[in-house]
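> predicted model and sequence follow; I will ask about them next.
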Amino acid sequence: MTATEQAAAPHTVPGMHRQDAARVAEILQERLHSLNDLALTLKHVHWNVVGPHFIAVHEMLDPQVDAVREMTDTTAERIATLGGVPVGTPGAIVAGRTWDDYGVGRADAVAHLGALDLVYAGVIEDHRAAMKATDDLDLVTQDMLIGQLARLEQFQWFVRAHLESGGGRLSTSGARTLEEAAERAERAAGGSDGSGGSNG
């Protein structure tokens, strides 16, 4: 039994089995790590975009950061409501992460958006899996996840609008890594300085 499990409350919300609550809290802890990481990544991009689309992307991202931070708070409070212990320390995020760190530094705005498209895709896929997993466990939590998904999918749409051709093709289509997505997006946009735009 981990320190977190030992510190968990011996009770949960009325009408819910403690075992089910513990499972939901476990699912939500994974989502909390993901959302915390996403908020930090969005802020990193906000600080590091350059090029002709700088101001549009720079200003587009701050409301997304704020919304994702609100999601982290709601998620953490739901874990606590269920009797769990939300963990949001940097070490816990890194230890619980099943995805690679964001590797694009100072780069053209379109390159960052290409990488962000893949970031959002991963977060959304995992959020949808969590939504399905809570179907028989806790509809209140599922409702929270559905609301978050609506916002996350909208944010990805905002990102993809910069990457989509008139015919609906995404410049990042088929990319498997963040760096590859960034390079494809920048190449499709014509590049800003021919340097590839990412730091690895």
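That came in fine, so what should we check first?

> these two touch, right, Ala67 and Ala150?
No: under the criterion of C-beta atoms under 8 Å, Ala67 is not in contact with Ala150, lying 10.8 Å apart. For glycine as for every other residue, the C-beta is placed from the backbone atoms N, C-alpha and C.

> neighbour count for these two, which is higher?
Using other C-beta atoms under 10 Å, the more surrounded residue of Ala67 and Ala150 is Ala67, with 16 against 10.

> skipping adjacent residues, who's closest to that one in space?
Arg151 (5.6 Å; C-beta to C-beta, 6 or more residues apart in numbering).

> so that neighbour makes contact with Glu70?
No: applying C-beta under 8 Å as the test, Arg151 and Glu70 come out as separate, 9.1 Å apart.

> distance of Val50 relative to Tyr102?
When distances are taken as C-beta to C-beta, to the nearest Å, Val50 and Tyr102 turn out to be 16 Å apart.

> which residue of these two possesses the greater neighbour count?
Between Val50 and Tyr102, counted using other C-beta under 10 Å, Tyr102 has the larger neighbour count: 20 against 17.

> quick one: the more buried one is in a strand?
No: the assignment for Tyr102, made by DSSP: H, G, I helix; E, B strand; the rest coil, is coil rather than a strand.

> give me the pLDDT value at it.
Reported pLDDT at Tyr102 in the predicted model: 94.

> nearest spatial neighbour of it, chain-adjacent residues omitted?
Here the residue nearest Tyr102, using C-beta to C-beta, 6+ apart, is Thr41, at 4.7 Å.

> which stretches of this structure form helices?
Residue ranges of the helices in the chain, as given by DSSP state H, are 3-7, 18-48, 54-81, 90-96, 109-133, 139-161, 178-188.

> and these as JSON lines, adding mean pLDDT?
Rendered in JSON lines, the data for the helices of the chain read as follows (pLDDT from 0 to 100):
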{"stretch": "helix 3-7", "mean pLDDT": "54"}
{"stretch": "helix 18-48", "mean pLDDT": "97"}
{"stretch": "helix 54-81", "mean pLDDT": "97"}
{"stretch": "helix 90-96", "mean pLDDT": "92"}
{"stretch": "helix 109-133", "mean pLDDT": "97"}
{"stretch": "helix 139-161", "mean pLDDT": "98"}
{"stretch": "helix 178-188", "mean pLDDT": "93"}
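
> in a markdown table: those, plus distance to Ser171.
Listed next are the helices of the chain as a markdown table, based on distance: least, C-beta to C-beta, whole Å:
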| stretch | distance to Ser171 |
| --- | --- |
| helix 3-7 | 42 |
| helix 18-48 | 17 |
| helix 54-81 | 15 |
| helix 90-96 | 30 |
| helix 109-133 | 7 |
| helix 139-161 | 10 |
| helix 178-188 | 3 |
